[in-house]
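A.B. asks: What shape does this take:
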Amino acid sequence: MFKFNFEVDSSEDPEAVKSPIFDKEADAEEPDSGKSNDIDWYQAEKVKPIDNLIATLDFYELNAKEIEVGNTTIKHLVAGFLLDDIKAQSDLQDLDIRKSEDNHSDLIAGVYEGGAKIWECTDDLLQYLSEKHEDLFWKDKRVLDLGCGSGLLGIYAIKNGARVDFQDYNKDVLEYITYPNILLNVDETLTDDEKLDFLDKNTSLYAGDWSHFAQLTKEVEKYDLILTSETIYNIENQKKLLETFAGRLKSDGIVLVAAKSHYFGVGGGLEQFSAKIKQEDVFQSESVWQADENLKRGILQLKFK
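C.D. replies: The predicted structure follows:
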């Protein structure tokens, strides 16, 4: 059984949003009671497809499942199949995904952040998007799937006409899960070269820590919409998350955060995160959806004040 263990520069361009988050130099000097100070977070990097991605696509097709989101069909790899396949390949034993499996943990701080699993709040956000936005909404939109894992949120946006970038902490996740899932949803009539050309023209994938990602992409066009699911469980990472929103969102853009009301054992959750947003005084937030179940889940919408 799995267990749930639980400084960005604004550019000088006219669109850059001046934010109190960036001005609180004193915050960097405050002691942190958590363990994140001792973690050597991965630096950000742009990730390209592995060499044999196209060659393995037919094999992935045989082991994929489909989900229906409104009028959109999304294909994705089954996590169990993927993990078994990785374990069977001796040359992949050093992958972070493999380490998480060997440790029977969805999360290893600073090493692996749960990207192989499709968390339930992703389903919530997919349904919300399908019900809230017509197909025309997505045309020419710049979208970021932040903490993407399997990439289903971004894939939904791509299939409806958006230009989407994907970010996940783990390079392994992007190479062996996100990229295959994107290709599973590309027009099947395209040739192999055309599929790779589609990837090159319509999406970019980035690995590494959020603050490093924001620095790496500071010259890249900002986003109309940032989608993120189950990324607020660790309180110590929330400031970096908000800084990434502030650094990468267009002035009139929207952030949608899907999460549980509380993550037991780590302290994060929707109510706590809403208080953090209010404290930082950069974004206005509102609850736009909530599940009426024992373990409550919800979706927050953030906009610049």
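
A.B. asks: got any ranges where the stretch 201-305 of the chain has weak pLDDT?
C.D. replies: Judged against pLDDT under 70, the low-scoring parts of the stretch 201-305 of the chain cover residues 294.

A.B. asks: give me the element residue 219 is part of.
C.D. replies: Assessed by DSSP states H and E, residue 219 sits outside every helix and strand.

A.B. asks: in the protein, which spans are strands?
C.D. replies: For the chain, the strands defined by DSSP state E occupy 45-47, 64-69, 72-77, 107-108, 112-113, 142-146, 163-168, 203-207, 223-229, 249-260, 283-290, 297-304.

A.B. asks: and the nearest residue to residue 76 once chain neighbours are set aside, what pLDDT?
C.D. replies: Once flanking residues are discounted, residue 76 sits nearest to residue 181: 4.8 Å by C-beta to C-beta, 6 or more residues apart in numbering. No exception for glycine: its C-beta is placed from N, CA and C like everyone else's. Here the pLDDT value assigned to residue 181 is 95.

A.B. asks: got a list of what residue 181 touches?
C.D. replies: Counting by C-beta atoms under 8 Å, 6 or more residues apart in numbering, residue 181 touches 75, 76, 77, 150, 151, 152, 155.

A.B. asks: May I have the residues that are in contact with the residue nearest to residue 190 when sequence neighbours are not counted?
C.D. replies: Ranked by C-beta to C-beta, 6+ apart and with sequence neighbours excluded, the top spatial neighbour of residue 190 is residue 198, at 6.5 Å. When contacts are counted by C-beta under 8 Å, 6+ apart, residue 198 touches 186, 187, 190.

A.B. asks: Could I get the strands of the chain in TSV, plus columns for distance to residue 175?
C.D. replies: As requested, the strands of the chain are exported to TSV (distance: least, C-beta to C-beta, whole Å):
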stretch	distance to residue 175
strand 45-47	6
strand 64-69	17
strand 72-77	12
strand 107-108	18
strand 112-113	14
strand 142-146	16
strand 163-168	10
strand 203-207	9
strand 223-229	21
strand 249-260	25
strand 283-290	32
strand 297-304	29
